[in-house]
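[1] My questions are about this predicted structure, shown below with the sequence.
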Amino acid sequence: MIDRKKLDDNELIQSYLNGDFPSLEILINRYKDKVFTYILITVKNHHLAEDIFQDTFIKVVRSLNRGKYTDSGKFVSWVTRIAHNLIIDHYRREKNLNTYSNDGTEVDLFNSSKFSDETIEDMIIHEQILNDVRYLIDELPDDQREVVMMRHYVGLSFKEIAEQSGVSINTALGRMRYALINLRKIIESKGLVLTKI
């Protein structure tokens, strides 16, 4: 019997398309944490992230069934791009639902960057910054990385982090402090710029 977990992404896709449904489950499980984290970092709302995550994999399955995935060896990038497009769609819909009136004010409300669409360049820069930060976090020691992920990506309080990690709140706070110090050092040593210019 074939050990599906040893198959690469494209082999799992082919196996699924040939009728082996558990292959798709293995493929989804392989990347679900990475994709969910990406969505959560971007939308900063756990419930919204769960909805978009679910919609992403529904779209993945439909696209696979329609033969819209080409064997490029970049399955996770393809899934992340689908998630990214769904996030943009969500915010466009939300923006269209909010209507504003310029009547009765002396200041031109619409002469504001708040109402301007984000350019493709802005989105690419934002995505690159998120990717850079994620790679930097991976360079932290395990205990510091764990605190950063739980605090900023999962949204836990320091009390919850302490309980889940089995340490005191002071230890959790200390790990976060050292994580931030180390991140600054790594950023400086690599000469990275993590802001829009």
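    All right, it came through fine.

[2] where does Asn102 land on pLDDT?
    At Asn102, the pLDDT value in this model is 50.

[3] and what of the one 3 residues further on?
    With respect to pLDDT, Thr105 scores 53.

[4] Where does the prediction get shaky in this protein?
    1, 71-73, 95-119, 121, 193-197 (pLDDT under 70).

[5] Domain map for this protein?
    The chain is divided into the following domains under automatic domain parsing: 1-117, 120-197.

[6] Dump these into TSV; add mean neighbour count as well.
    Heads up, the C-betas are built off the backbone N, CA and C, glycines and all. As requested, those are exported to TSV (neighbours: other Cβ atoms under 10 Å):
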stretch	mean neighbour count
domain 1-117	14
domain 120-197	14
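
[7] Break down this structure into its helices, ranges please.
    9-17, 21-43, 46-65, 75-97, 120-138, 142-148, 158-165, 169-190 (DSSP state H).

[8] Export these as CSV, with columns for distance to Asp3.
    Below are those laid out as CSV (distance: least, Cβ to Cβ, whole Å):
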stretch, distance to Asp3
helix 9-17, 11
helix 21-43, 10
helix 46-65, 22
helix 75-97, 19
helix 120-138, 28
helix 142-148, 28
helix 158-165, 32
helix 169-190, 37
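
[9] ok, the residue lying closest to Glu160 once chain neighbours are set aside - contacts?
    Excluding the flanking residues, the one nearest Glu160 by Cβ to Cβ, 6 or more residues apart in numbering is Met150, at 7.6 Å. Met150 is in contact with 156, 160-161, 164-165, counting by Cβ atoms under 8 Å, 6 or more residues apart in numbering.

[10] how near is Met150 to Leu156?
    5 Å (Cβ to Cβ, to the nearest Å).

[11] residues shared between the contacts of those two?
    With Cβ under 8 Å, 6+ apart, Met150 and Leu156 have common neighbours Gln164.

[12] My read is that Lys59 contacts Leu86, right?
    Yes - between Lys59 and Leu86 there is a contact at 7.1 Å, judged by Cβ atoms under 8 Å.

[13] For the residue nearest to the spatial centre of the chain, which residues are in contact?
    By Cα atoms, centre = their mean, the chain has its centre lying nearest to Tyr38, at 0.8 Å. Shown in contact with Tyr38 (Cβ under 8 Å, 6+ apart): 80, 83-84, 130.

[14] need these in JSON lines with distance to Asn65, can you?
    Listed next are those as JSON lines, based on distance: Cβ to Cβ, whole Å:
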{"residue": "Thr80", "distance to Asn65": "20"}
{"residue": "Ala83", "distance to Asn65": "18"}
{"residue": "His84", "distance to Asn65": "21"}
{"residue": "Leu130", "distance to Asn65": "30"}
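
[15] Which members of those residues are the farthest-apart pair?
    Spatial extent of the contacts of Tyr38 (Cβ to Cβ) is set by the pair Ala83 and Leu130 at 12.2 Å.

[16] which residues are in contact with stretch 155-171?
    So stretch 155-171 is in contact with 46, 143, 146-147, 150-151, 172-173, 175-176, going by Cβ under 8 Å, 6+ apart.
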